[in-house]
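Q: Build me a model from this:
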Amino acid sequence: LYDDRPAERDTVARALANFQNARNWAIFVRALDSENKETVRAAVKALTGIDQKPDGPAAYRAAIQATARLGDQTAWDGIVLLRQWSGRHFGHKKNEWRAELGKWQKWYADTYPDAPSAKLADAVKPQHNWTYDQLLAYLEGDGRSGSVESGRKVFEKAVCAKCHKLEQVGQSIGPDLTTLASRFKRKDILEAIIYPSRVISDQYKSYLIATKDGRVITAMKAPDDGDNYVLLLSDATTIKLAKSDVEEMVEGKQSVMPDGLLNQFELREIADLFAFLESGKAVVPAANGQNK
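A: Now for the predicted structure:
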């Protein structure tokens, strides 16, 4: 299932992590590369609970990079995993995880000199830093027209389709975009993408959730599942969080739609995306002047 459904890998990995079965060890190692911090955290916890160690550099590299991505809240879990795997540690305390991570990066480079670097910067694909003004000027000039079919692929690659539906493409978790072009100008659509937290409908408001183990999660709430909250994360995956694990929950001011969504794309891809976004059906007024 993990290999057959790439779009559901985060969900599958987190579900499997509840059982910490050694048969899934390789899946958990692969899940360390996820861009979803909750998936990475679950994979780290699962690997820590399994009595199995790497026999080469790949898993160590994934764990070191995952630790760097986890950041202050849960990076120490990655350090604990590295210590468990290797049988060594460098004497730092929990609040000194960055210093110890640096030692692990050096240890990895010394131990596996011919393997790919474990430094996170060497693994991250360079991205653009598009501004609203840059993109608006392009979309109203050279990027005025684009390919609808190519734009559909960009729509799916940007994970828009996991939350939004346009015609028959995507899911209706967030606002339906089918009639977007008939209701908003191009500059307004761009503004909503560049500044997703500027205007948030009450229907799609987010929550800031502090857990008892020190995590802070921004998510939309779905209907509760018994003793669990069901939360929609910024990458459009869902997690279940036990209500007993929550320290505090307050309404957030940040949208679950991620910032910088367009930075991964070239200008031509952005033009194609807008061509697709504007390809939906127009709103047809009813006879009495009201939309049906």
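
Q: Please count neighbours and contacts with C-alpha atoms only from this point.
A: Will do.

Q: count of residues packed around Gln52?
A: Using other CA atoms under 10 Å, Gln52 is surrounded by 12 other residues.

Q: Make sure it is actually in contact with Ala22.
A: Yes: counting by CA atoms under 8 Å, Gln52 does reach Ala22; the two are 7.4 Å apart.

Q: what residues go with each domain of this structure?
A: Domain assignment for the chain by automatic domain parsing gives 6-122, 132-196+258-277, 202-251.

Q: Can you tell me which of those domains has the worst average pLDDT?
A: For the domains of the chain, mean pLDDT drops lowest on domain 202-251, to a mean of 86.

Q: chain center to that domain, what's the gap?
A: On the basis of CA atoms, centre = their mean, to the nearest Å, domain 202-251 sits 15 Å off its chain's mean C-alpha point.

Q: What of stretch 252-264?
A: Stretch 252-264 sits 10 Å away from the centroid of its parent chain (CA atoms, centre = their mean).

Q: Give me the contact list for it.
A: For stretch 252-264, the surrounding residues in contact (CA atoms under 8 Å, 6 or more residues apart in numbering) are 127-130, 158, 193-197, 200, 205-208, 218-220, 232-235, 270.

Q: next one: stretch 206-224
A: Here stretch 206-224 makes contact (CA under 8 Å, 6+ apart) with 73-74, 204-205, 229-234, 245-256.

Q: out of those, which are buried?
A: Among the contacts of stretch 206-224, those classed as buried by 16 or more other CA atoms under 10 Å are 74, 204-205, 229-234, 246, 252, 254-256.

Q: Go through the residues you listed and say which is closest to Ala68.
A: When the buried ones among the contacts of stretch 206-224 are compared for distance to Ala68 (CA to CA), Thr74 comes out closest, at 9.8 Å.

Q: Over to that closest one: give its phi and psi.
A: Torsion angles at Thr74 (phi, psi; degrees, to the nearest 10) stand at phi -130, psi 10.

Q: Spit out the contact partners of it.
A: With CA under 8 Å, 6+ apart, Thr74 has these contacts: 41, 67, 214-215.

Q: Could you rerun that using 10 Å?
A: Residues in contact with Thr74 (CA atoms under 10 Å, 6 or more residues apart in numbering) are 37-38, 40-41, 44, 67-68, 94, 97, 213-215.

Q: Quick check: ChimeraX command selecting the buried ones in these.
A: Only the buried members of the contacts of Thr74 enter the following ChimeraX selection, criterion being 16+ other CA under 10 Å:
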select :37,38,40,41,44,67,68,97
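
Q: Specify which member of the contacts of Thr74 is nearest to Val154.
A: Lys37 (23.1 Å).

Q: picking up where we left off before, which members of the contacts of stretch 206-224 are positioned in helices?
A: Of those, none are assigned to helices by DSSP state H.

Q: Among those residues, name the ones in strands.
A: Among the contacts of stretch 206-224, the members falling in strands (DSSP state E) are 229-232, 246-251.

Q: The helix or strand encompassing Leu241 vs strand 228-232, what angle?
A: Assigned by DSSP states H and E, Leu241 belongs to strand 238-242. In terms of direction (axes from the mean of the first three to the mean of the last three CA atoms, to 10 degrees), strand 238-242 departs from strand 228-232 by 150 degrees.
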